[in-house]
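Visitor: Provided below are the primary sequence and the corresponding predicted coordinates.
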Amino acid sequence: MVAAQFGSASVHDPTKPVHAGPEDGWHGVVAPRSRFAPDSGRYHLYIGYFCPFAHRVNLVRYLKGLDSAIDISVVKAYPKGENGWPGWAFPGANGPDDTYEGSTPDKLFGSKYLHEVYFRTDKDYKGKYSVPALWDTKENTLVNNESLEMLRWMQRGFDEILPERSPERKLTLYPEHLQAKIDEVGEWLTRDLNSGVYKAGFAKDQAAYEKGVIPVFAALNQLEQLIHKNGGPYVLGKAITELDVLAYATAIRFDVVYVQHFKCNLGTIRGNYPVIHEWLKNLYWNVWGFSETTNFKHIKENYTKSHHDINPLAITPLGPYPDVEEGVNLDFSSIKPGVIAHPAVLEQQKNLPAV
């Protein structure tokens, strides 16, 4: 589930109730000396490897060294059911032969479907049964199912259970001196790239599709320039930030899914954006947590076998091959930035803040 917009105010609002009722999601925060205090083994995370929003929370879980402190249950990549019901399933939902590589049972309750977990907290819940979702085994309740909120507070919420001088404890993806820039870039990155691929992909007519796809490539053009200006290897230079997590979860899906399935084919990352391509390869091959949380089978089969109005025969393309190319060039100054020079894209790009 996605927060409405990116920015410090919307990502964490301490006045917001944990769960305001059946129409609302969950907004709890793990923090020392709070209702949801940090503790190893207390919390359980429900994810799908296919979902970019669950992906970014799982990435923070790895980057912060919480992969052993917070266990996960992984839903199958498909099917989701008609009109979202019964929703994401765990293996075994349809009998002992119902298996799917990389998925897991519901390790807490043995549920067949994720909605059963949601109904344990609110039997009248009317929202989406989405991933990610964090469960508290002590209070027996959902804590949070908003990925942008978890992305922010998970960076610090568990620090006191981490070794005092460990790099994981010291790591923050939202350092004070970069917060203004992270908020500025995160706003258009979330709106135009993370959400933009869905606006293009789920468009019901030509006009809506074109309105959705143009900002996607304006954002990619801008991201290409931003990484190049800052010299890499991360979006803002030498320090990894939330922007790398936000951008990676969409970029790693771009060539393998969004280009063909969502018709985002004005260009590809590997063919048209050499700076983003090197940034992406470096994260995947060289930074712990990125390849470990990326499952291309789940990603490709979820989209191609769940969206029957877009892909009615549910055929999953074999390419592109390989999923991620090898070899990384970290001399970003030697790379000439790429650009999709479609007139509408360039015009749209003028509306974005300067890099």
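Guide: That came in fine, so what should we check first?
Visitor: Please make it C-alpha for all contacts and neighbour counts, starting now.
Guide: Fine.
Visitor: by contact count, what packs against the helix or strand hosting residue 243?
Guide: Assigned by DSSP states H and E, residue 243 belongs to helix 242-253. When contacts are defined as 3 or more Cα pairs under 8 Å, 6 or more residues apart in numbering; DSSP states H and E, helix 242-253 packs onto helix 52-63, helix 179-188, helix 274-286.
Visitor: and among these, the most buried is which?
Guide: Across these, the average number of neighbours (mean count of other Cα atoms under 10 Å) peaks for helix 52-63, which reaches a mean of 25.
Visitor: Now do that one against helix 242-253, angle only.
Guide: Counting by axes from the mean of the first three to the mean of the last three Cα atoms, to 10 degrees, helix 52-63 points 120 degrees away from the direction of helix 242-253.
Visitor: Tell me which residues of the next helix or strand after the helix holding residue 243 come out buried.
Guide: Later in the chain than helix 242-253, the nearest helix or strand by DSSP H and E is helix 259-261. By 16 or more other Cα atoms under 10 Å, the buried positions in helix 259-261 come out as 259, 261.
Visitor: and helix 259-261, what does it pack onto?
Guide: Going by 3+ Cα pairs under 8 Å, 6+ apart, helix 259-261 lies up against no helix or strand.
Visitor: what's the offset of it from the middle of its chain?
Guide: How far helix 259-261 lies from its chain's middle: 18 Å, per Cα atoms, centre = their mean, to the nearest Å.
Visitor: Stretch 135-145 now?
Guide: Put simply, stretch 135-145 sits 21 Å off its chain's centre (Cα atoms, centre = their mean).
Visitor: what's the span of that stretch from first residue to last?
Guide: 9 Å (Cα to Cα, to the nearest Å).
Visitor: Ok, stretch 306-326 next?
Guide: Taking Cα to Cα as the criterion, the two ends of stretch 306-326 lie 30 Å apart.
Visitor: Likewise for stretch 36-52?
Guide: Length of stretch 36-52, first residue to last, Cα to Cα: 25 Å.
Visitor: From residue 294, how far off is residue 248?
Guide: From residue 248 across to residue 294, the span is 10 Å (Cα to Cα).
Visitor: The two: which is more packed in?
Guide: Between residue 248 and residue 294, residue 248 has the larger neighbour count (other Cα atoms under 10 Å), namely 23 against 20.
Visitor: Enumerate the helices of the stretch 51-200 of the chain by residue range, in sequence order.
Guide: 52-63, 114-121, 147-157, 167-170, 179-188, 196-201 (DSSP state H, counting those that start in this stretch).
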